[in-house]
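Chemist: got a predicted model here, sequence first, then my questions.
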Amino acid sequence: MPKFLSIIRIRKKAKTFFVFAPTKMFQLFSFFIPVFLIFRMTG
């Protein structure tokens, strides 16, 4: 029974990670792409 509970907990963590990671990636991209474009234009 405790093993089953730990599996549920791990799946919850994985779920939050898979929801959280893409949003962080998107924030990073939305930050870096304009900076990159500005560097391309000026450089």
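Modeler: Looks like it came in fine. Numbering: from 1, shown residues only.

Chemist: list the contacts of residue 38.
Modeler: For residue 38, no contacting residues are found, by C-beta atoms under 8 Å, 6 or more residues apart in numbering. Glycine gets a C-beta too; all of them are placed from N, C-alpha and C.

Chemist: that one in helix, strand or coil?
Modeler: Three-state assignment for residue 38 (DSSP: H, G, I helix; E, B strand; the rest coil): helix.

Chemist: look at residue 13 and report its pLDDT.
Modeler: pLDDT, residue 13: 87.

Chemist: neighbours of residue 33, just the number please.
Modeler: Taking other C-beta atoms under 10 Å as the neighbour definition, residue 33 ends up with a count of 10.

Chemist: for it, give me the pLDDT.
Modeler: Looking at residue 33, the pLDDT reads 91.

Chemist: same thing with residue 8?
Modeler: pLDDT, residue 8: 84.

Chemist: now do the helix or strand it falls within: distance to the chain's middle.
Modeler: Element membership of residue 8 [criterion: DSSP states H and E] is helix 2-42. Helix 2-42 sits 0 Å away from the centroid of its parent chain (C-alpha atoms, centre = their mean, to the nearest Å).

Chemist: the residue positioned nearest the centre of the chain: what's it in contact with?
Modeler: Nearest to the geometric centre of the chain sits residue 21, at 1.5 Å (C-alpha atoms, centre = their mean). Listed by C-beta under 8 Å, 6+ apart, residue 21 has no contact partners.

Chemist: i'd like the first residue to be 100 from this point on
Modeler: Yep, numbering from 100; the last one is residue 120 now.

Chemist: look up how far residue 101 lies from it.
Modeler: Noted for residue 120: a distance of 28 Å to residue 101, by C-beta to C-beta, to the nearest Å.

Chemist: over to residue 129?
Modeler: In terms of C-beta to C-beta, residue 129 sits 42 Å off from residue 101.

Chemist: cool, residue 125 as well?
Modeler: From residue 125 to residue 101 the distance is 37 Å (C-beta to C-beta).

Chemist: higher neighbour count, these two?
Modeler: residue 125 (10 against 6).

Chemist: how far away is the more buried one from residue 103?
Modeler: Taken as C-beta to C-beta, the span from residue 125 to residue 103 is 34 Å.
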